[in-house]
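Student: give me the fold of what follows.
(chains A and B)
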Amino acid sequence: MVGVTDNPPESADDRGEETMHFRKISAALCFALVGLFASAQRAPAASDTIKIGYIDPFSGPFAQSGDQFLQVLHFIVDDINTRMPPLGKKFEIVTFDDKLQPSEALIALKRVTDQAIPFVMQCVGSNVGTALIEGVSKNNERNPDHRVIYLNCGALATELTNAPLCNFWQFRFTGSVEQRAYARIKSLPADVKKVYLINQDYVFGHSIEHDTKKFLQQLRPDIEIVGDEYVPLGQVKDFSPYITKIKNTGAQSIVTGNYGPDLNLLMKAASDSGLPIRFDTYLAYLTSAVTAIGPMGADRMTVVMEYNENLPVELNIPAAEKLDLAFRKDHKFDFVAQPWVVMFEMLSRAITQAGSVDVLKIAQNLEGMQQQDLLGKTETMRKADHQLILPYYEGLLTKDVKYDTEGTGLGFKTIFTVPSEDEELATTCAMKRPS
Amino acid sequence: MQLLTDTLLSGLVYGMLLFMLASGLTLIFSMMGVLNFAHASIYMLGAYFAFTISHYIGFWAALVLAPLACGLIGAAIEVWGLRRCHANGHIAELLFTFGLVFIFQRAVMMVWGTLAVPYQVPASLNFPLFQLYGQNFPAYRAFMLLVTALMLLSIWLLLKKTRIGLIIQAALTHPDMVSALGHDVPRVFTIVFAGGCLLAGLAGVIGGNYFSTDSGMADAMGPIVFVVVVFGGLGSLAGCFVASIFMGMVQTAAVMVNGSIASLFAPFGIALGGDSLLGEILTIPLARVSPLLPYVLMVLILFFRPRGLMGARDA
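Tutor: As a prediction, the model looks like this:
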């Protein structure tokens, strides 16, 4: 190719035919060479790694989540690859950008199946999760030689593991909204009698509000809901008018599934107004919330979570503490993704048991599998709906901890534990299993 | 009564902050015909600069230095960017500022990361000033009001009592004539653009720690500022002021009111609602649609009074 461009233009006119010919030959040579290199590079890689297609937003307004989750996943995969490699091979994460759009996720899924990658993993957005369940199930019916398993690591909507959406090919390795709501209400202290519900005005917020109300009625009929409100997603700058309203109701606690600015600004407004109120939250452990909230949340903000870095200290489990410390060394945010460790441990075992990357066998092995988590508790992948059954911990934001969050001097101290037995909530799922 | 005073105070603080952003934008827009998309990005830069400066020198230094830095950036944009694009017409300028939005966004993410930064209200201002119906009024809110009021006063003095103000005012309405009289209109443009950016930066300094400083703050603030400018009327600072305060109040009031449009008619024995689309719109709580109201108002004003509240020219 270089030879062609080096030809002076005037001579190219004289020897047009010859140049064309030369061009064709060199182009063909180039392709052959590229092909050779590519196959030379790909051939060994295909045999020693087990690829996982990771579909999440890596551009657009939610790119932050995708980037961060990818860092966590790399950390976990590195650990699993040295500790318990499946069939002696290594897991390899291949990323695909879905821009948090279901349509983009389906295009990504097509690329995953084209490359014969046996697993897709997705952690942001129940709308994308719904699309992936349908996409994966269709693919596996039509394309039995290239089946894929959908590892759901963060699409939380309760519906995803209930009828009619639940599916044999989906495994959810995180608590559903319903499981979180159960833990949230169960852990409310007995002296709380009046709560105010604030949630974001979209699918997730509605889902949280629905399940919060359901468990309030079931578990704590003594609690009065003195107000409930939807706030527009990410639009409100000044929450002080809401605080005035809340104050007038005499609420003792704000129970909220808000996250991002909608949580931070709400707490800021409450603290500025001097209102002595509790915050019983669902998602205040998400990155940057504690930074934004700061000292004003101390000793009055709680959150239900699957893990925090002080749990190994409280339960005296040095191995887990060591893992957290390794994470803290290179990351500015906390390690909370404990169920994802379980996910890779279970996956590795299921593959090893299957003896090869046989997707159907692996899925069958995952059903009902039990695994000890970082804290030595048993977590179960329930066979009926493929929902992970795991314990929940209520953390209180306080200074009185060994490991702080995001360098704020404040961290989460466990004040209530919901064991995994309690989290086995009823499911309406009735899935069809491939024979 | 409590609701009323609370609405007024909250609305006033938010409205004044809006005005600080919108005043610069309306001056730039009406003078140069440039809809500066990057205006809210400068607001974001102001907050991030203030975070970094207050980390090393302190908040009070940041209050002065961060807006100045934003002003310098504004001047640089005008001299080296907009002036070149100007030769190719307004569309080129528009697209240029549109591109800047993404560049600033990415730059902020690369320098300060994608997470919110812990830019806090300074300790010296972090106390309740007085109590109102058992609810604290934070001193920092009073400080915000003070800063915005001082800014309002100095803009007014600058525009009404100085020679450069006179030229700016003239250039607002008759740019060609001012140029024909031999004034250096490009330099006036630079001053106005830099001044507008300085105000946006200042708004970032005092707003960033009161709200939150993250890479999404420009996106959140951008559209509402345009609404204020259009609503208030092009080229009218007074209109811009009224529109800002009005928008602040409307949004706050909508949250406070427990009820819907349908509930307004309830006392007269008229029951509205039902399963139709209209019924749903009428019964939705006002608080849930409060962020939508400014845009509805903008559509209405463009429909019935295209020049805005006090505008001199059509939008």
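Student: what residues are up against residue 229?
Tutor: Here I'm looking at chain A. Shown in contact with residue A:229 (C-beta atoms under 8 Å, 6 or more residues apart in numbering or on different chains): A:196-199, A:242, A:245, B:285, B:287. From N, CA and C alone the C-beta is placed, and that goes for glycine too.
Student: nope, chain B
Tutor: The neighbourhood of residue B:229, defined by C-beta under 8 Å, 6+ apart, consists of B:22, B:25-26, B:29, B:240, B:243.
Student: now do the same for residue A:41: its pLDDT.
Tutor: Reported pLDDT at residue A:41 in the predicted model: 43.
Student: stretch A:156-171: end-to-end distance?
Tutor: Its first and final residues considered, stretch A:156-171 spans 12 Å by C-alpha to C-alpha, to the nearest Å.
Student: ok, stretch A:255-262 next?
Tutor: End to end - C-alpha to C-alpha - stretch A:255-262 spans 13 Å.
Student: which residues sit against it?
Tutor: Applying C-beta under 8 Å, 6+ apart, the external contacts of stretch A:255-262 come out as A:184, A:188, A:195-200, A:204-205, A:208-209, A:212, A:231, A:233-234, A:236, A:263, A:266, A:279-284, A:286, A:289, A:292, B:211-212, B:214, B:216, B:220.
Student: one more time with 7 Å, if that's ok
Tutor: Residues outside stretch A:255-262 that contact it (C-beta atoms under 7 Å, 6 or more residues apart in numbering or on different chains): A:184, A:195, A:197-200, A:204-205, A:208, A:212, A:231, A:233-234, A:236, A:263, A:266, A:280-283, A:286, A:289, B:212.
Student: just the buried residues of these.
Tutor: Among the contacts of stretch A:255-262, those classed as buried by 16 or more other C-beta atoms under 10 Å in any protein chain shown are A:184, A:195, A:197-200, A:204-205, A:208, A:212, A:231, A:233-234, A:236, A:263, A:266, A:280-283, A:286, A:289, B:212.
Student: just these: which are in strands?
Tutor: A:195, A:197-200, A:231, A:280-281 (DSSP state E).
Student: out of those residues, which comes closest to residue A:146?
Tutor: When those are ranked by distance to residue A:146 (C-beta to C-beta), residue A:200 comes first, at 38.1 Å.
Student: residues touching that closest one, list them.
Tutor: Contacts of residue A:200 (C-beta under 7 Å, 6+ apart): A:230-231, A:233, A:258, A:262.
Student: switch the cut-off to 6 Å
Tutor: A:233, A:258, A:262 (C-beta atoms under 6 Å, 6 or more residues apart in numbering or on different chains).
Student: residues in contact with the first one?
Tutor: Right, residue A:233. Counting by C-beta under 6 Å, 6+ apart, residue A:233 touches A:200-202.
Student: confidence score at the closest residue to it other than its chain neighbours?
Tutor: In space, and not counting its chain neighbours, residue A:233 is closest to residue A:200: 4.8 Å by C-beta to C-beta, 6 or more residues apart in numbering or on different chains. pLDDT for residue A:200: 89.
Student: residues in contact with the residue nearest to residue A:274 when sequence neighbours are not counted?
Tutor: What sits nearest to residue A:274 in space, not counting adjacent residues and going by C-beta to C-beta, 6+ apart, is residue B:136, at 3.6 Å. For residue B:136, the contacting residues are A:273-274, B:128, by C-beta under 6 Å, 6+ apart.
Student: go again using 10 Å as the cut-off
Tutor: Contacts for residue B:136 (C-beta atoms under 10 Å, 6 or more residues apart in numbering or on different chains) come out as A:271-275, B:127-130.
Student: quick check: it is in a strand.
Tutor: Yes - assessed with DSSP: H, G, I helix; E, B strand; the rest coil, residue B:136 lies in a strand.
Student: show the pLDDT at residue A:30.
Tutor: 49.
Student: scratch that, residue A:252
Tutor: 95.
Student: and it, how far from chain B?
Tutor: Separation of residue A:252 from chain B (C-beta to the nearest C-beta, to the nearest Å): 16 Å.
Student: circling back to that earlier point, identify the farthest-apart pair in the contacts of residue B:229.
Tutor: B:29 and B:243 (13.2 Å).
Student: related to what we said a few turns ago, so what sits opposite the residue nearest to residue A:274 in the bridge?
Tutor: For residue B:136, the beta-bridge partners under DSSP bridges are residue B:131.
Student: helix, strand or coil for whatever residue of the stretch 201-315 of chain B ends up closest to chain A?
Tutor: Chain A sits closest to residue B:291 of the stretch 201-315 of chain B, with a gap of 3.6 Å, by C-beta to the nearest C-beta. Following three-state DSSP, we place residue B:291 in the helix state.
Student: run a quick neighbour tally on the residue nearest to it when sequence neighbours are not counted.
Tutor: Among residues not flanking residue B:291 along the chain, residue A:235 sits closest, at 3.6 Å (C-beta to C-beta, 6+ apart). For residue A:235, the tally of surrounding residues (other C-beta atoms under 10 Å in any protein chain shown) stands at 17.
Student: what distance do you get for residue A:235 to residue B:290?
Tutor: Per C-beta to C-beta, to the nearest Å, residue A:235 is found 8 Å from residue B:290.
Student: quick check: neighbours shared by the two?
Tutor: Overlap of the contact sets of residue A:235 and residue B:290 (by C-beta under 10 Å, 6+ apart) consists of residue B:251.
Student: hmm, residue B:252 and the residue of the stretch 201-315 of chain B closest to chain A touching each other?
Tutor: No - look at residue B:291 against residue B:252 with C-beta atoms under 10 Å: they stay out of range, at 11.4 Å.
Student: which one of the two has more residues nearby?
Tutor: Comparing residue B:291 with residue B:252 by other C-beta under 10 Å, the one with more neighbours is residue B:252, at 26 against 22.
Student: you'd agree residue B:219 is up against residue B:40?
Tutor: Yes - using C-beta under 10 Å, residue B:219 is in contact with residue B:40, at 7.6 Å.
Student: which one of these two has more residues nearby?
Tutor: Taking other C-beta under 10 Å, residue B:219 and residue B:40 do not tie; residue B:40 has more neighbours (26 against 16).
Student: tell me who's in contact with that one.
Tutor: B:21, B:25, B:101, B:104, B:200, B:203-204, B:217-226.
Student: same question, residue A:54
Tutor: A:66, A:69-70, A:73-74, A:93-97, A:108, A:112, A:117, A:119-123, A:151, A:153.
Student: kindly supply the PyMOL command isolating those of the residues you listed that are buried.
Tutor: Selecting only the buried entries of the contacts of residue A:54 in PyMOL, with 16+ other C-beta under 10 Å as the criterion:
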select buried, chain A and resi 66+69+70+73+93+94+95+96+97+108+112+117+119+120+121+122+123+151+153
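Student: filter the contacts of residue A:54 down to the ones in strands?
Tutor: Secondary structure assignment (DSSP E) places A:93-97, A:119-122, A:151 from the contacts of residue A:54 within strands.
Student: how far away is whichever residue of the stretch 101-250 of chain B sits closest to chain A from residue B:35?
Tutor: Nearest to chain A, among the residues of the stretch 101-250 of chain B, is residue B:136, at 3.6 Å (C-beta to the nearest C-beta). With distances taken as C-beta to C-beta, residue B:136 is found 40 Å from residue B:35.
Student: residue A:277: how many residues sit nearby?
Tutor: As a burial measure, residue A:277 scores 17 neighbours (other C-beta under 10 Å).
Student: does it touch residue A:242 like I think?
Tutor: No - between residue A:277 and residue A:242 there is no contact under C-beta under 10 Å: 11.7 Å.
Student: about what we covered before: from the contacts of residue B:40, which would you call buried?
Tutor: Buried by 16+ other C-beta under 10 Å: B:21, B:25, B:101, B:104, B:200, B:203-204, B:217-222, B:224-226, out of the contacts of residue B:40.
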